[in-house]
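1. I would like the atomic coordinates for the input below:
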Amino acid sequence: MNIVIVGASRGIGKAIVERLAKNDSNRIIALSRNTKSMEAFDKFSNVSTHAFDLSTDNVTQQAKQIFDTLPQIDILINNAGILVNKPFPEITAEDFNDCYQVNVIGVMKTVQAALIMAFKAERSIAILLSQKLLGAKSF
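-> Residues are numbered from 1 along each chain as shown. The predicted structure is shown next:
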């Protein structure tokens with residue numbers, strides 16, 4: 001199976017990569033803006049890593065460039081996201097826009113690119129989403 005994991009450099013995303021990579025029949029495509037942290041995956045022969053940044057305006061192009069190297073995508077797991085962790089009165093419009101770009105627009109464009117690939121190949125795809133939201137600290 002070809003499994004794409006977005007947000008693979010740490011936490012749950014990293015754990016998913018490491019768990020799924022134990023099965024040699026899985027081909028894992030690990031994506032993250034933090035490529036240095038993904039060097040830990042070098043020990044797996046069935047994991048390839050790629051720089052991928054959901055905060056940019058070219059998410060569709062990034063996704064297409066990576067996805068075009070694959071014969072198909074069987075599973076897309078989006079675990080990337082940002083959390084604005086400050087008291088609500090201190091959250092700015094810029095904070096909100098940054099969060100929205102990564103957690104909504106970037107995810108939407110990634111899913112669209114994967115679906116276009118699946119539709120062209122007349123294949124189904126499983127899509128799993130995990131999201132972070134604007135955080136709030138008590139004051």
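2. rest of the way, CA atoms for contacts and neighbours
-> Fine.
3. Pull out the buried residues from stretch 17-29.
-> Within stretch 17-29, the residues scored as buried using 16 or more other CA atoms under 10 Å are 17-18, 20-21, 27-29.
4. Quick one: mean pLDDT over it.
-> Computed over stretch 17-29, the mean pLDDT rounds to 97.
5. likewise stretch 68-86?
-> 91.
6. How about stretch 126-139?
-> Averaging pLDDT along stretch 126-139 yields 58.
7. After the helix or strand Ile77 falls within, which helix or strand is next?
-> If you go by DSSP states H and E, Ile77 is part of strand 75-78. Using DSSP H and E, the next helix or strand after strand 75-78 towards the C-terminus is helix 93-100.
8. packing partners for the longest helix anywhere in the chain?
-> Ranked by number of residues, the top helix in the chain under DSSP state H is helix 107-120. Here helix 107-120 touches helix 59-67, strand 75-78, going by 3 or more CA pairs under 8 Å, 6 or more residues apart in numbering; DSSP states H and E.
9. Check which helices and strands the first one is in contact with.
-> Contact here means 3+ CA pairs under 8 Å, 6+ apart; on that basis helix 59-67 packs against helix 107-120.
10. Name the residues of the helix it packs on that are buried.
-> Using 16+ other CA under 10 Å as the test for burial, helix 107-120 gives 107, 109-111, 113-115, 117-118.
11. how far out from the middle of the chain is it?
-> Offset of helix 107-120 from its chain centre (CA atoms, centre = their mean, to the nearest Å): 13 Å.
12. same deal with stretch 7-26?
-> Mean-position distance between stretch 7-26 and its chain equals 12 Å (CA atoms, centre = their mean).
13. With stretch 21-40 instead?
-> 11 Å.
14. Compute the first-to-last residue distance for it.
-> From its first residue to its last, stretch 21-40 covers 12 Å (CA to CA, to the nearest Å).
15. what does that stretch contact?
-> 1-10, 17, 20, 44, 46-54, 80 (CA atoms under 8 Å, 6 or more residues apart in numbering).
16. do the same with stretch 116-134
-> Under the criterion CA under 8 Å, 6+ apart, residues 67, 72-85, 96, 99, 103, 111, 115 lie in contact with stretch 116-134.
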